[in-house]
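> This is a predicted model, with the sequence first.
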Amino acid sequence: MDPELQLNLKRLVKWALYFMMLATVYLVFTYLLPMVGILASRLPGIILPFVFAVLLALLIEPLVDVFEKHARLKRVWAVLVSLLLVITGFVLVVVAAVTVIIKEMSSLYWLALAYTDRIIGQVMISVSDIKLFYLQLNLPPQVQTALQDNLQTGLELLQKVLNVSVEAMIQAAGKLPGLLIFLAIAAVAAFLITK
């Protein structure tokens with residue numbers, strides 16, 4: 001083979017390898033890394049039920065041993081009984097807590113209704129006092145407009161805070177089915193781990 005042709009062929013191969021490396025780096029950064037990032041962001045949500053299941057399995061293991069030794073149950077039945085007891089206890093505690101919270105919230109609701117008229121009256125008196133105060137000062141119209149705008153902005157901010165609070169409660173209620181699925185997966189995984 002001609003030496004000049006061989007030298008040009010080596011250069012061509014070298015440049016082709018450089019180009020392929022650059023194309024590979026481009027494709028990795030353009031396509032592969034975003035997919036890896038999406039997977040990595042979802043990984044804690046996928047693994048968390050199994051971490052909870054391991055903790056639950058460690059929690060019920062002494063109870064399973066007691067049922068195996070003293071009640072002479074087979075391991076599967078001891079695990080089932082232990083899981084049922086722990087889950088029932090958890091549900092009872094949650095139901096009791098929710099009951100107390102609902103009872104307190106209902107009494108707080110009636111207290112809030114009782115104080116609402118008084119609070120609205122106080123706010124209206126304060127607003128009218130502020131208006132009278134700055135009207136007595138004979139302020140320039142620009143300052144009066146600025147004060148009214150600031151007062152309006154404060155009321156809008158209070159309304160936004162109340163709206164955000166209501167939306168947060170609605171979102172929390174919307175997450176309950178996901179929480180129940182999470183607990184079901186964790187319970188089944190704990191059963192399989194302990195069994």
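Thanks, I have the structure now. Numbering: from 1, shown residues only.
> so what secondary structure elements neighbour the lowest-mean-pLDDT helix or strand in the chain?
Every helix and strand in the chain was compared by mean pLDDT, DSSP states H and E; the lowest is helix 141-174, with a mean of 78. Applying 3 or more C-beta pairs under 8 Å, 6 or more residues apart in numbering; DSSP states H and E, one finds that helix 141-174 makes contact with helix 75-136. Where you see a C-beta, it was placed from the backbone N, CA and C, and this is true even at glycine.
> just to revisit the earlier point, report the angle between the axes of the least confident helix or strand of the chain and helix 75-136?
170 degrees (axes from the mean of the first three to the mean of the last three C-alpha atoms, to 10 degrees).
> got the buried residues for whichever helix or strand comes after helix 141-174?
Note on helix 141-174: by DSSP states H and E, the next helix or strand toward the C-terminus is helix 176-194. Neighbour counts using 16 or more other C-beta atoms under 10 Å place Leu183, Ala186, Ala187, Ala189, Ala190, Phe191, Ile193, Thr194 of helix 176-194 among the buried residues.
> and Val91, how many neighbours?
If you count neighbours by other C-beta atoms under 10 Å, Val91 ends up with 11.
> which residues of the protein score low on pLDDT?
For the chain, applying pLDDT under 70 flags the ranges 109, 112-113, 116, 131, 134-135.
> how about Leu139, phi and psi?
As for Leu139, its main-chain torsions (degrees, to the nearest 10) stand at phi -80, psi 150.
> who touches it in this structure?
Leu147 (C-beta atoms under 8 Å, 6 or more residues apart in numbering).
> got the angle for the least confident helix or strand of the chain vs helix 176-194?
On the basis of the same axes, to 10 degrees, helix 141-174 is oriented at 40 degrees to helix 176-194.
> Quick check: buried residues in helix 141-174?
Leu147.
> likewise stretch 74-89?
Those would be Ala78, Val79, Leu80, Val81, Ser82, Leu83, Val86, Ile87, for stretch 74-89 by 16+ other C-beta under 10 Å.
> a markdown table for those residues, including distance to Leu63?
Formatted as a markdown table, these follow (distance: C-beta to C-beta, whole Å):
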| residue | distance to Leu63 |
| --- | --- |
| Ala78 | 8 |
| Val79 | 9 |
| Leu80 | 11 |
| Val81 | 8 |
| Ser82 | 4 |
| Leu83 | 9 |
| Val86 | 7 |
| Ile87 | 12 |
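> between the residues you listed, which is nearest Val164?
When the buried residues of stretch 74-89 are compared for distance to Val164 (C-beta to C-beta), Ile87 wins out at 34.3 Å.
> Check the contact between that closest one and Ala187; I expect there is one.
Yes. Taking contacts as C-beta atoms under 8 Å, Ile87 lies within contact range of Ala187: 6.3 Å.
> what separates stretch 102-116 from the chain centre, distance-wise?
Mean-position distance between stretch 102-116 and its chain equals 28 Å (C-alpha atoms, centre = their mean, to the nearest Å).
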